[in-house]
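Undergrad: Sequence plus predicted model, see below.
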Amino acid sequence: MLSSQLKLSLSYYSDLYDMIVPKDHILRKIRELVDFSFIYDELKNKYCLDNGRNAKKPILLFKYLLLKYLYNLSDNGVVERSRYDMSFKYFLELTPEEEVIHPSLLTKFRKQRLKDENILDLLINKSVELAINQGVLKSNTIIVDSTHTEARYHKTTQREMLKKASTSLKAALKAALKDSDKDIYLPDEPEKRASLDEYNEYCHELLNTVQESPYSELPTIKEESSMLSEILDNQIDCYDQSIDPDARIGHKTVNSSFYGYKTHLAMTDERIITAATITSGEAFDGQELPVLVQKSKAAGATVNEVIADTAYSTLENLKDAQSNDYKLISKLNPSIIKGTRSEDGFIFNKDADTMQCPAGHLAIKYRIDKRSNQKKNTRIKYFFDINKCHVCPYRNGCYKENAKNKTYSITIKSDYHKNQEAFQKTQYFKERFKTRYMIEAKNSELKNIHGYSRCDAAGLSNMQLQGAVSIFAVNLKRILKLKGEVCPNEEK
C-alpha cells in the first residue's frame with residue numbers, strides 16, 4: 001500500500017547534517033534543485049493506495065538508483081554506503097539513526113514499479129525542463145552521436161549451446177530410466193577444453209544412441225532430441241539462447257567489435273542531453289536522427305541545426321532536415337562526392353555530350369535508370385560498341401571476354417546531395433563542425449565516471465533504465481555547473 005501522505009521524519013540528531021554535510025555538497029545542491037515529487041505522480045498507479053502493507057516511498061527508491069549511477073556503485077554498495085555516509089542519508093531524507101533498505105528492494109522496484117514506464121524520455125524531459133527553468137539552456141543546436149555499452153553477459157557460443165542441450169537430453173533420458181531395470185550405454189562427454197568439432201561428433205553419437213533406444217518417442221526425450229538436432233543443423237539462433245537475448249554484435253571499426261547496445265544521444269552546445277534512444281548493438285546510427293530531433297523538440301529544446309558525423313548524412317536525413325527546417329551539419333560520405341571508381345580513363349566528352357573510353361571511342365547510346373524502388377540515386381548507363389572492344393588494345397581489365405555488351409554507369413547526385421556538398425564547403429559549416437568533439441567528451445563522462453561502459457543487467461529494458469538514470473545524473477551535474485555552483489565533493 002502506498003500512503004498518499006508524505007511522512008515528516010523528526011529526529012534529535014538532524015542537526016548533524018548541518019555540521020557534517022557541507023553547504024556546497026553536490027547532493028545538497030541536487031536536493032535543492034530537483035522536486036522529486038514527479039516520481040510519485042508517475043508511479044502511484046503501480047501501487048495499491050488502500051490495501052496491504054505500507055510500501056517504501058518510490059521517491060526514496062528512485063533516489064537510491066540516482067546515487068547508484070551518480071557514484072557508480074552496485075546495489076549492495078549504495079545501500080551499504082548509505083548506512084554511514086551522512087551526505088547519502090541527507091539526500092535520501094532519512095534521519096541519521098534511521099535504518100536503510102535491503103538491497104533486494106531495488107531489484108523489485110526496477111522490475112515491478114519501473115516496468116513498462118517510458119523512464120528514458122521522462123527523466124530526460126524533466127532535466128531539460130529544469131535547465132530551461134534555470135535559464136541555462138539557450139542553444140538552438142544539438143550534436144548527435146552514439147556510444148556503445150558492452151553487455152553484462154557474453155553471447156552464447158555454438159559449443160555452449162551444444163553442451164547445454166546434450167546435458168538436458170541426458171538428464172531427460174536418465175529420468176526415464178530411473179523407474180526401469182534397463183540401462184543404455186551413452187557416449188562419454190568430451191573433456192572441458194574439447195573443440196567444437198569434438199562436441200559436434202559427440203552430440204551426433206548421443207542423438208543416434210537415443211533415437212535407437214525404446215525411449216525415443218517419450219515427449220520429454222523427443223523434445224530435447226529435437227532441440228539438439230536443430231542446434232546441430234544451425235537452425236537455432238545463438239542470440240535466443242544467450243542470457244541477454246536483446247544484445248547484438250556491433251562494430252566500432254573494421255577490426256574491432258562489441259556485443260551489447262548502442263545509446264544514441266542528442267546534446268546541446270551547453271552539453272545538456274536533450275534526447276536519447278537505446279538500441280541493440282548492430283543498429284545503424286543514421287536512422288535515429290529524425291527520432292532524436294523530434295524528442296529534443298518535445299522536451300522543449302529549439303532545434304535549428306544538427307551537428308553529426310558522416311553516418312547521419314543519409315538521403316533520408318537530408319530530406320528530413322529540409323522538411324523540418326533545420327540545418328544538417330554532417331559531411332557526406334566520400335563515395336557520394338568522389339564516387340567509388342578509381343581513375344579508369346573514362347571521361348565525359350562535353351563536346352559530344354557522352355562518355356569516352358580510354359581508347360577514345362564514344363558511347364553509342366545511353367539509358368537512364370531511376371531505381372526509385374531500390375532507394376538509390378538515378379544513374380546513367382552508357383553503352384559502347386562491342387565490336388570495337390573485341391580488338392581494343394586496352395581491353396584487358398576493361399572488357400570481359402564473351403560479354404554481350406560493354407556498359408559504363410554514372411550515378412547522378414540528387415539535389416539534396418548537391419546542396420549538401422555545396423554547404424559543407426562553406427566556412428560556416430567548417431567552423432560549426434569543429435564543435436562536434438563535445439559529445440565525445442560527454443560519452444567519455446558517462447562511461448568512465450558513471451559506469452556506462454557495461455550493462456548492469458540483461459535485457460533492453462534494463463539498459464534503458466540504466467541509460468535514463470545515468471543521463472539524468474549527468475544533466476543535473478551540468479545544470480549545477482552552468483549555474484556556477486561549486487561542488488567540491490563530487491567524486492571523479
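TA: Done, it's in. Residues are numbered from 1 along each chain as shown.

Undergrad: Flag the shaky bits of the stretch 151-300 of the chain, pLDDT-wise.
TA: 179, 181, 235-241, 254 (pLDDT under 70).

Undergrad: Helices of that one, residue ranges please.
TA: Using DSSP state H, counting those that start in this stretch, the helices found in the stretch 151-300 of the chain span residues 158-177, 196-211, 219-232, 289-299.

Undergrad: Among the ones you listed, which comes closest to residue 106?
TA: Residue 106 sits nearest to helix 289-299 of all the helices of the stretch 151-300 of the chain, at 27.1 Å, using CB to CB. (Each C-beta comes from the backbone N, C-alpha and C, glycine too.)

Undergrad: Next secondary structure element downstream of the helix or strand hosting residue 87?
TA: According to DSSP states H and E, residue 87 maps onto helix 86-91. Once the chain leaves helix 86-91, the next helix or strand it forms, by DSSP H and E, is helix 104-108.

Undergrad: got the CA coordinates for that next one in PDB?
TA: This file holds the C-alpha atoms of helix 104-108, laid out as PDB (Å, rounded to 0.1, in the frame of the first residue of the first chain):
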ATOM      1  CA  SER A 104      16.900  -6.600  -3.000                       C
ATOM      2  CA  LEU A 105      14.200  -4.000  -2.800                       C
ATOM      3  CA  LEU A 106      15.900  -2.100  -5.600                       C
ATOM      4  CA  THR A 107      15.600  -5.100  -7.800                       C
ATOM      5  CA  LYS A 108      11.900  -5.300  -7.100                       C
END
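
Undergrad: Please, where are all the strands along the stretch 351-492 of the chain?
TA: Per DSSP state E, counting those that start in this stretch, the stretch 351-492 of the chain carries strands over the ranges 354-356, 365-369, 379-384, 406-411.

Undergrad: which one's the longest helix in the protein?
TA: helix 460-482 (DSSP state H).

Undergrad: quick one, what contacts residue 399?
TA: 389, 390, 392, 406 (CB atoms under 8 Å, 6 or more residues apart in numbering).

Undergrad: right, I mislabeled it, should have said residue 274
TA: 124, 128, 142, 266, 267, 268, 295, 296, 299, 301.

Undergrad: does residue 328 really touch residue 309, like I thought?
TA: No. If you go by CB atoms under 8 Å, residue 328 and residue 309 don't touch, sitting 11.5 Å apart.

Undergrad: Which of those two has more residues huddled nearby?
TA: residue 328 (25 against 17; other CB atoms under 10 Å).

Undergrad: which phi and psi does the residue nearest to that one when sequence neighbours are not counted have?
TA: Computed as CB to CB, 6 or more residues apart in numbering, the closest residue to residue 328 that is not its neighbour in sequence is residue 321, at 4.0 Å. Per-residue torsions, residue 321: phi -60, psi -40 (degrees, to the nearest 10).

Undergrad: Packing partners of the helix holding residue 87?
TA: helix 15-20, helix 26-33, helix 58-70, helix 75-84 (3 or more CB pairs under 8 Å, 6 or more residues apart in numbering; DSSP states H and E).

Undergrad: With just CA atoms, put that helix into PDB.
TA: Taking Å, rounded to 0.1, in the frame of the first residue of the first chain, the C-alpha atoms of helix 86-91 are listed here in PDB:
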ATOM      1  CA  MET A  86      25.700  11.300   6.100                       C
ATOM      2  CA  SER A  87      25.500  13.000   2.800                       C
ATOM      3  CA  PHE A  88      23.700  10.000   1.400                       C
ATOM      4  CA  LYS A  89      21.300   9.900   4.300                       C
ATOM      5  CA  TYR A  90      20.700  13.600   3.900                       C
ATOM      6  CA  PHE A  91      19.900  13.200   0.200                       C
END
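
Undergrad: How about residues contacting that helix?
TA: 16-17, 20-21, 25, 27-28, 30-31, 63, 67, 78, 81-82, 95-96, 98, 489.

Undergrad: which of those are buried?
TA: Buried residues within those, counting neighbours by 16 or more other CB atoms under 10 Å: 16-17, 21, 25, 27-28, 30-31, 63, 67, 78, 81-82, 95.

Undergrad: give the contact list for the residue nearest to residue 328.
TA: Neighbours of residue 321 in contact, by CB under 8 Å, 6+ apart: 306, 327, 328.

Undergrad: Not including adjacent chain positions, what is the nearest residue to the second one?
TA: By that I understand residue 327. residue 305 (4.0 Å).

Undergrad: Correct me if wrong: that neighbour contacts residue 141.
TA: Yes. The criterion here is CB under 8 Å, and residue 305 meets it with residue 141 at 4.9 Å.

Undergrad: So for the two, which sits in the more crowded spot?
TA: residue 141 (20 against 16).

Undergrad: Please list all residues in contact with the spatially most central residue of the chain.
TA: What sits nearest the mean C-alpha location of the chain, by CA atoms, centre = their mean, is residue 262, with 1.8 Å. Taking CB under 8 Å, 6+ apart, we find residue 262 in contact with 146, 147, 148, 149, 250, 278, 279, 280, 281, 283, 285.

Undergrad: what's the longest helix of the chain packed up against?
TA: By 3+ CB pairs under 8 Å, 6+ apart, helix 460-482 packs against helix 26-33, helix 58-70, helix 119-133, strand 257-268, strand 273-280, helix 437-448.

Undergrad: Compare those and give me the one nearest residue 355.
TA: Using CB to CB, the helices and strands packed on helix 460-482 put strand 257-268 closest to residue 355, at 40.9 Å.

Undergrad: Taking helix 437-448 as reference, get the angle to that closest one.
TA: With axes from the mean of the first three to the mean of the last three CA atoms, to 10 degrees applied, the angle from strand 257-268 to helix 437-448 works out at 130 degrees.

Undergrad: what's the angle from strand 257-268 to strand 273-280?
TA: Going by the same axes, to 10 degrees, strand 257-268 makes 160 degrees with strand 273-280.

Undergrad: Buried ones in strand 257-268, by neighbour count?
TA: 258, 259, 260, 261, 262, 263, 264, 265, 266, 267, 268.
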